[in-house]
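Asker: Whatever this is, show me its structure:
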Amino acid sequence: MMTGKVSKVAEASVLVTGAAGFIGAAVAEALMARGQSVIGIDNLNDYYAVSLKRARLDGLATRHGNLFQFRELDFADMSALTAALGSFTFETIVHLGAQAGVRYSLENPQAYVASNLAGHVNMLEVARARQVAHMVYASSSSVYGGNAKLPFAVEDRADHPVSLYAATKKADELMSETYAHLFRLPLTGLRFFTVYGPWGRPDMAMWKFAERILSDRPIDVYNQGEMSRDFTYIDDIVGGVLACLDCPPADDGAQKAGGSVKPHALYNIGNNKSEHLLRLIEVLEDACGRKARRNLLPMQPGDVTATYADITALTRDTGYMPSTPIETGVPRFVDWFRSYTGV
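Answerer: Below is the predicted model:
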């Protein structure tokens with residue numbers, strides 16, 4: 001049950017966390033393109049090349065000028081967060097900042113505790129203190145763990161995570177449910193499914209594969225290639241995030257997507273199609289104009305063999321309908337990648 005109200009969208013300011021990140025920068029771009037001012041925050045950590053993050057920010061500032069205000073800070077530091085936001089007013093929050101990556105969570109668990117647990121509570125506290133009209137936050141398809149039932153539906157149990165990253169994202173959903181209950185905060189969690197596209201992340205398979213194929217180095221293919229992912233193009237993701245932001249869950253006691261009767265909804269946001277990893281590699285080979293040399297490896301700890309998003313709830317409540325198959329999205333990514341890297 002969504003309110004569906006989109007009044008005052010044009011003039012409302014939005015706080016976007018993770019604004020230098022892949023999805024965060026793309027969402028900020030779309031918000032400003034429709035006339036909304038954005039306050040972006042990001043700690044610009046070195047999980048991957050800071051130069052890529054700065055290039056995203058520079059593009060936003062160049063294209064949108066005074067509509068974009070950026071502050072470099074770590075939202076896990078509540079005093080720094082409060083001080084930095086003191087002079088700003090904003091009606092909604094898109095909380096996309098987090099320590100990302102399944103495999104890295106095996107190496108540096110404290111980064112996930114700080115950003116994804118303490119940091120998420122801090123953002124909930126900001127939302128409560130400011131009495132924002134809505135906070136949309138990033139969860140992950142990783143919460144489904146080793147769920148054998150495909151496609152994954154928001155009604156499925158998600159309490160058997162196989163990585164610390166997944167566990168922190170499930171915890172974010174639970175903490176959000178508590179805040180929706182105690183403080184009647186309108187909150188929407190989005191379980192993202194393998195997002196790719198121009199300005200994507202270097203730690204993701206799409207980037208790694210393209211880089212290695214174009215430089216004639218072997219690609220690492222885990223589980224002998226017997227994996228499937230619901231690859232979702234960035235433009236489709238952004239459309240879904242904005243559609244959710246414009247439709248805060250109502251505090252009406254009715255059951256929301258994900259099962260809450262509080263003003264808290266959970267949605268899968270994906271392409272609604274699971275692609276075999278070897279098919280993705282074929283599409284990448286075509287886009288790159290050369291064949292990949294494949295280094296077949298066993299399954300990685302914390303990984304899952306398949307993801308597939310059931311987007312029924314999101315489509316029903318917002319009209320979300322992804323429209324970019326990998327045959328269209330992958331060549332767009334490769335064109336951007338070649339331009340950005342000069343490969």
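Asker: Now the longest helix anywhere in the chain: buried residues?
Answerer: Counting residues, the longest helix in the chain under DSSP state H turns out to be helix 164-183. Within helix 164-183, the residues that count as buried by 16 or more other Cβ atoms under 10 Å are 164-173, 175-177, 179-180, 183. For glycine as for every other residue, the C-beta is placed from the backbone atoms N, C-alpha and C.
Asker: So what's the gap between that helix and the chain middle?
Answerer: Put simply, helix 164-183 sits 16 Å off its chain's centre (Cα atoms, centre = their mean, to the nearest Å).
Asker: In three-state terms, how would Y48 be classified?
Answerer: coil (DSSP: H, G, I helix; E, B strand; the rest coil).
Asker: tell me which strands and helices the lowest-mean-pLDDT helix or strand in the chain is in contact with?
Answerer: For the chain, the helix or strand with the lowest mean confidence is helix 104-107, at a mean of 83 (criterion: mean pLDDT, DSSP states H and E). Helices and strands touching helix 104-107, by 3 or more Cβ pairs under 8 Å, 6 or more residues apart in numbering; DSSP states H and E, are helix 164-183.
Asker: What mean pLDDT does the helix it packs on get?
Answerer: Helix 164-183 shows a mean pLDDT of 96 in the predicted model.
Asker: C-alpha coordinates for that helix, CSV please?
Answerer: What follows is helix 164-183, C-alpha atoms only, in CSV (Å, rounded to 0.1, in the frame of the first residue of the first chain):
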residue,chain,number,x,y,z
LEU,A,164,28.9,-10.8,6.9
TYR,A,165,27.9,-8.2,4.2
ALA,A,166,24.6,-9.9,3.8
ALA,A,167,24.1,-10.1,7.6
THR,A,168,24.6,-6.4,7.9
LYS,A,169,22.1,-5.6,5.2
LYS,A,170,19.5,-7.9,6.9
ALA,A,171,20.3,-6.1,10.1
ASP,A,172,19.6,-2.7,8.4
GLU,A,173,16.2,-4.0,7.4
LEU,A,174,15.4,-5.1,11.0
MET,A,175,16.6,-1.8,12.5
SER,A,176,14.5,0.1,10.0
GLU,A,177,11.5,-1.9,10.9
THR,A,178,12.1,-0.9,14.5
TYR,A,179,12.3,2.8,13.7
ALA,A,180,9.2,2.6,11.5
HIS,A,181,7.4,1.0,14.5
LEU,A,182,8.7,3.3,17.3
PHE,A,183,8.8,6.7,15.4
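Asker: who's in contact with the closest residue to N108 other than its chain neighbours?
Answerer: The shortest distance from N108 to any non-neighbouring residue, by Cβ to Cβ, 6 or more residues apart in numbering, is to Q99 (8.0 Å). The contact partners of Q99, by Cβ atoms under 8 Å, 6 or more residues apart in numbering, come to 45, 47, 105, 108, 111-112, 114-116, 165, 168.
Asker: do L164 as well
Answerer: L164 neighbours (Cβ under 8 Å, 6+ apart): 105-106, 109, 112, 302.
Asker: Would you check how far apart it and V102 are?
Answerer: Counting by Cβ to Cβ, to the nearest Å, the separation of L164 from V102 is 9 Å.
Asker: Also R63?
Answerer: 33 Å.
Asker: Neighbour count: those two, which is higher?
Answerer: Applying other Cβ atoms under 10 Å to R63 and V102 shows that V102 carries more neighbours, namely 19 against 12.
Asker: The more buried one and N116, how far apart?
Answerer: Taking Cβ to Cβ, one finds V102 at 12 Å from N116.
Asker: between the two, what contacts are shared?
Answerer: Y165.
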